[in-house]
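1. What follows is a predicted protein model with its sequence.
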Protein chains: 2
Amino acid sequence: MKRREWLAAAATLSSVAALGGLAGCAAPVLRGTGDLGVVIGRANGTLYLVDTTAQALIGEVSGLGDLSHASVVFSRDGLFAYVFGRDGGLTQVNLLERRITRRVMQAGNSIGGAISADGTLVAAQNYTPGGVKVFDARTLELLADIPAEYGPGKLSRVVGLVDLPGRRFAYSLFDANAIWVSDCSDPGHPKTTRFENIGRQPYDALVTPNGRHYIAGLFGEDGLAQLDLWAEDCPQVRAAPSPPPEGGKETWGGPAFPCQPKVQRILGGYGKGQAPLPVYKMPHLRGWAVAGRRAYLPAIGRHEVLVVDTETWAEVGRIPVAGQPVFVMARPDGRQVWVNFAVPDYHRVQVIDTQSQKIVRTLEPGKAVLHMEFTPRGEAVWISSRDDNRVSVVDTQSFATRARLDVPAPSGIFFTARAARVGF
Amino acid sequence: MKRREWLAAAATLSSVAALGGLAGCAAPVLRGTGDLGVVIGRANGTLYLVDTTAQALIGEVSGLGDLSHASVVFSRDGLFAYVFGRDGGLTQVNLLERRITRRVMQAGNSIGGAISADGTLVAAQNYTPGGVKVFDARTLELLADIPAEYGPGKLSRVVGLVDLPGRRFAYSLFDANAIWVSDCSDPGHPKTTRFENIGRQPYDALVTPNGRHYIAGLFGEDGLAQLDLWAEDCPQVRAAPSPPPEGGKETWGGPAFPCQPKVQRILGGYGKGQAPLPVYKMPHLRGWAVAGRRAYLPAIGRHEVLVVDTETWAEVGRIPVAGQPVFVMARPDGRQVWVNFAVPDYHRVQVIDTQSQKIVRTLEPGKAVLHMEFTPRGEAVWISSRDDNRVSVVDTQSFATRARLDVPAPSGIFFTARAARVGF
């Protein structure tokens, strides 16, 4: 592509000029980090580095273990990616040096993590052993170990971990029907508030872009559990501190809030599919989109996108789509919502115009579309097609494909701009 | 501060380690750009560079001419700042090399600019000569010159320039009572749509964070002009193409939209102060905040913040504050709105909790507070106090001052995270 070649050449020339006084010195390229990203190579434990201005692959880093399920957060300066792998690996990757700088095997089985807004703490959510671990973001030193112990010797799998303002983390306990919020202002002494009996088997969660609502999907019943983190009027205290576990380091109680927020049920019909789905087929709550006043979410067991009013949390519409939606993602300005699908429709992507609530485009970017990521201002969307070993860069105005990158078995795509977002 | 020292030490060590193979080579520091920012030194033509993780000054760049009124946009990779100065200077500054890389004197008098979402075009809005100039973002080569010619030999001062999706720019013509939208997809041949008779003397403008509404403040009458850029239903075509100016390069006509959006009047009472204000005291429209469904704006000639519903554009409330508001800025999650004031109350800043609509704090960070900027996730706000030669870093949860930086006559504060935002 002419533009990409120009941009790559320009970048190279700028770097050479910048390093003009360094003849004979090998050095990483001096460049900004704001337009960088990573693509997970799910079959070969490799992180592929991309430049969203050049729309090109710029490097790869191998040795990240089992990335069959992986997620990524970024340091607030955009220099480091923190990759959470299924095998419990937590890997710190320097994106400019293009190498692993630190790596710890922090659990037996893990599905993701978060980073605090001030960039100092990285937290991992673990299945085995069930709980949350908190690390120094710079050194990966373990600072806090919070077992998800809900009964004597019983540890729950942890899901739905998000960061909240003020060095706090919210997460759900699948086996304990609970939502916990840990305040790690003093990471050596986390203070945890517990919300119990929130609903059966929360399997995933999200926080809305304004950081206000923590919403957990329930596998064991219909509907979702919603925690209003801004709630001031709290007639009923729901948090139920229990005595500290034997030998536990954690200090207990003291609400993390001036007044106790409560958990309520929303979207009572959500989950009633035509047939029950196994839990691993339940839609990711990260597959929700908030665009303006509305949230767009995958229906369960139906070929529909549900439209929900985020003031009332009532369902206000349903949009028929080409398959079972997996991810429903909003363009940053909220004008479009893009949808990918589960097998057997996972070669397709559809675009909904939020103003008309209609599908305006159906694309076929390649087989097994696993993930989509928008550039921060939304002019392009990057789409991974695992079975075609391809990442496509699509113009969101014209729907033209601007670039195709060869990446073996690509899955998740994550851009450094996430470091600046609330709710990711 | 212990934390800052630790962070600064850590940053230094990381850089030294990174450049381990470069003994004897002078090099810019290898680091991310996502947490960088600039502070305008309005009295000495100097750009002060800051690190929002370390909460520290990290360098300065002089030689930027007249910065008594200046604004800044950033390249999408966060490497370059583009500084627009009052004297018509447009300066490209490399934030890692900490030096001016390119500089042009592009007009006689200029008040700001914008950058396209794809990062390729930088546009400047000029008073003298009245019009918009569009530059290659990498080289600062002039690509398009769009005189704001509204009659034979009559050029209007241009204000309120913003970028829209698809390499378009919207701007207002103070002397022509018009709003123009130029599509610079082919920068050599801009296509301009003109909206005439939009109201008397638009003096500033903004675009909402979703990129949908372009709103211009009117100096010559009450109320504001609103252009709905998403409007599909357009019963009345308002754009009025005119014959090309003599010798003009610009090609004309062809609506930039599938159907013509129209301009309407909103907030009809806005502007009725207790006494008319001179135009240079009119509130900046960039001083509006959009938090959730509501917009918060400075009242004109009253010590109030107006609250407006962004669905209906009706005024829904007024919050009494300590002086004539200048900037009303929302914390990124929308939970707080921070307000600074005009003389004589400009030593104060107030914080409004958007949920309760009440003032929850009054601070005195120093004399002559000119500007405020939030870190991208909102955990801190940076405040410039011109007459105390100080920039304060304030924790938005606790309101504690985390750091004070010595900066001579600081005014505008701009963080690289703006590169990722729609509507800035």
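-> Arrived safely, thanks for sending. Numbering: from 1, shown residues only, chains lettered A, B, ... in the order given.
2. quick one, what contacts the residue of the stretch 251-400 of chain A found nearest chain B?
-> Nearest to chain B, among the residues of the stretch 251-400 of chain A, is A:Pro376, at 3.4 Å (C-beta to the nearest C-beta). In this view, the C-beta of every residue, glycine as well, is placed from N, C-alpha and C. With contact taken as C-beta atoms under 8 Å, 6 or more residues apart in numbering or on different chains, A:Pro376 is in contact with A:332, A:415, A:417, A:420, B:76, B:419-421.
3. Just the ones in strands from these, please.
-> Among the contacts of A:Pro376, the members falling in strands (DSSP state E) are A:Phe415.
4. By neighbour count, which of the contacts of A:Pro376 wins?
-> Counting neighbours by other C-beta atoms under 10 Å in any protein chain shown, A:Ala417 leads the contacts of A:Pro376 with 30 neighbours.
5. Show me what A:Ala295 bridges to in the sheet.
-> A:Val290, A:Val308 (DSSP bridges).
6. of all the residues in the stretch 301-424 of chain A, which ones are close to chain B?
-> Residues of the stretch 301-424 of chain A lying near chain B by C-beta under 8 Å from any C-beta of the partner chain: A:311, A:332-335, A:355-356, A:375-379, A:397, A:416-417, A:419-422.
7. try 7 Å
-> For the stretch 301-424 of chain A, the contact set with chain B under C-beta under 7 Å from any C-beta of the partner chain comprises A:332-335, A:355, A:376-379, A:397, A:416-417, A:419-420, A:422.
8. Can you pull out the low-pLDDT segments for the stretch 251-400 of chain A?
-> Residue ranges of the stretch 251-400 of chain A with pLDDT under 70: A:251-260, A:272-276, A:279-281.
9. any idea how far the closest residue in space to A:Thr362 that isn't next to it in sequence is from A:Gly412?
-> Closest residue to A:Thr362 apart from its sequence neighbours, by C-beta to C-beta, 6 or more residues apart in numbering or on different chains: A:Gln350 at 5.1 Å. Distance from A:Gln350 to A:Gly412, counting by C-beta to C-beta, to the nearest Å: 20 Å.
10. quick one, which of those two is more surrounded?
-> Neighbour count, other C-beta under 10 Å: between A:Gln350 and A:Gly412, A:Gln350 has more, with 22 against 19.
11. Strands of the stretch 301-424 of chain A, start to end?
-> Using DSSP state E, counting those that start in this stretch, the strands found in the stretch 301-424 of chain A span residues A:304-309, A:315-320, A:325-330, A:336-341, A:349-353, A:358-363, A:369-374, A:380-385, A:390-395, A:401-406, A:410-415.
12. need these in TSV with distance to B:Leu30, can you?
-> Putting the strands of the stretch 301-424 of chain A into TSV (distance: least, C-beta to C-beta, whole Å) gives the following:
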stretch	distance to B:Leu30
strand A:304-309	44
strand A:315-320	47
strand A:325-330	33
strand A:336-341	35
strand A:349-353	37
strand A:358-363	39
strand A:369-374	26
strand A:380-385	26
strand A:390-395	27
strand A:401-406	25
strand A:410-415	20
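13. Compare those and give me the one nearest A:Gly45.
-> strand A:410-415 (12.1 Å; C-beta to C-beta).
14. Roughly how far does A:Gly160 sit from chain B?
-> Remark: distance between A:Gly160 and chain B (C-beta to the nearest C-beta, to the nearest Å) = 19 Å.
15. How about the contacts made by that residue?
-> Applying C-beta atoms under 7 Å, 6 or more residues apart in numbering or on different chains, we find A:Gly160 in contact with A:171-172, A:202, A:204-205, A:216, A:285.
16. again, but for A:Ala330
-> Counting by C-beta under 7 Å, 6+ apart, A:Ala330 has contacts A:289-291, A:296, A:337.
17. Ok, A:Leu229 next?
-> A:Leu229 touches A:164, A:211-212, A:214, A:261, counting by C-beta under 7 Å, 6+ apart.
18. circling back to that earlier point, Serialize the contacts of A:Ala330 to TSV and add fields for neighbour count.
-> TSV is the format used below for these (neighbours: other C-beta atoms under 10 Å in any protein chain shown):
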residue	neighbour count
A:Ala289	24
A:Val290	20
A:Ala291	24
A:Tyr296	26
A:Val337	27
